[in-house]
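# quick one, structure for this:
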Amino acid sequence: MIEDEVKEWRNRPLAREYYAIYLDGTFLSVRRGKAAKEPVYLALGIRPDGRREVLGFWLFGAEGESARNWRQVVRELWERGVRVVKLFESVLPGIEEAVREIFPSSKWQLCVLHTVRDSLAKVRKKDREALAQDLKAIYRADTVKQAHRALRELEEKWAGKYPELVAKWLDKSHALLEFLNHPKGIRAYLYTTNQLERLIKELKRRTKVVEVFCGPKALEKLVYLVLV
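Sure thing, here's the model as predicted:
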């Protein structure tokens with residue numbers, strides 16, 4: 001039965017080591033008495049040799065994305081055999097605590113492109129081009145030292161006008177700039193969750209014919225068939 005196949009795949013042992021694991025989610029509509037959009041949590045692993053592997057997907061109900069659920073996702077990766085991960089990459093900062101607790105030797109990268117988009121969406125239109133250039137000077141820096149110099153320039157120029165925006169970049173600089181500690185040739189793959197986003201885009205394309213799934217089992221089966 002397909003249900004058994006899905007269960008076996010979702011519980012299969014994983015490799016001991018991954019260079020990076022990307023964590024993100026998307027929302028699909030499912031009926032549990034009444035129809036509601038539910039988050040589908042996803043994890044994509046990159047092996048040390050560069051091979052990609054979909055590690056799994058998770059449904060926790062219609063409560064929305066939460067740090068508690070992400071902790072369960074990260075813990076399950078450990079329970080399925082993962083022990084060494086150089087870098088966890090995510091869009092949401094709520095994952096950082098789970099990574100520190102379960103994989104204390106791993107580093108965490110907050111998606112730079114999502115943070116840039118979020119920042120530019122919160123400023124006046126006339127300031128966007130100039131701010132975009134100042135942010136680019138940070139994440140396009142060659143070294144962490146250069147990036148921190150650009151951060152100081154961002155603070156001097158914009159903190160008076162957009163204090164919360166600048167504070168976020170300063171507070172999360174350790175996570176936004178972690179990718180600069182890795183080889184230059186692979187940094188473009190590490191500062192954004194684009195690899196997983198492409199997978200999510202394909203998932204959305206293949207499932208859009210179903211406006212509302214008739215139940216979680218139906219959702220699980222189609223998500224599984226797309227991912228494998």
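# for V91, give its distance to L219.
Distance of V91 to L219, given as C-beta to C-beta, to the nearest Å: 22 Å. (Glycine included, C-beta is placed from N, CA and C.)
# got the buried residues for the lengthiest strand in the chain?
For the chain, the strand with the greatest residue count under DSSP state E is strand 17-32. Buried residues in strand 17-32, defined by neighbour count with 16 or more other C-beta atoms under 10 Å: 18-26, 28, 30.
# and H148, what's its pLDDT?
Confidence at H148, expressed as pLDDT, is 97.
# tell me the contacts of it?
By C-beta atoms under 8 Å, 6 or more residues apart in numbering, H148 lies in contact with 173, 177.
# can you check the one 4 residues further on too?
The contact partners of R152, by C-beta under 8 Å, 6+ apart, come to none.
# that one: helix or strand, and which one exactly?
helix 144-158 (DSSP states H and E).
# ok, which stretches of this protein are strands?
Counting by DSSP E, the strands of the chain are 17-32, 34-46, 52-59, 84-90, 107-110.
# related to what we said a few turns ago, how about the helix holding R152: buried residues?
147-148, 150-151, 154, 158.
# format the buried residues of strand 17-32 as a markdown table; extra columns: distance to G50.
Formatted as a markdown table, the entries for the buried residues of strand 17-32 read as follows, by distance: C-beta to C-beta, whole Å:
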| residue | distance to G50 |
| --- | --- |
| Y18 | 11 |
| Y19 | 8 |
| A20 | 10 |
| I21 | 14 |
| Y22 | 14 |
| L23 | 19 |
| D24 | 20 |
| G25 | 24 |
| T26 | 25 |
| L28 | 30 |
| V30 | 35 |
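# show the contacting residues for the most centrally placed residue in the chain.
With distances taken as C-alpha atoms, centre = their mean, the residue of the chain nearest its centroid is S90 (2.5 Å). Applying C-beta under 8 Å, 6+ apart, we find S90 in contact with 22-24, 70, 96, 108-111, 193.
# switch to 6 Å and redo it
Listed by C-beta atoms under 6 Å, 6 or more residues apart in numbering, the contact partners of S90 are L23.
# ok, now the one 4 residues further on?
Applying C-beta under 6 Å, 6+ apart, we find G94 in contact with A67.
# report the separation between it and L219.
Going from G94 to L219 by C-beta to C-beta gives 23 Å.
# related to what we said a few turns ago, who are the packing partners of the longest strand of the chain?
strand 34-46, strand 84-90, helix 194-207 (3 or more C-beta pairs under 6 Å, 6 or more residues apart in numbering; DSSP states H and E).
# all set now, cheers.
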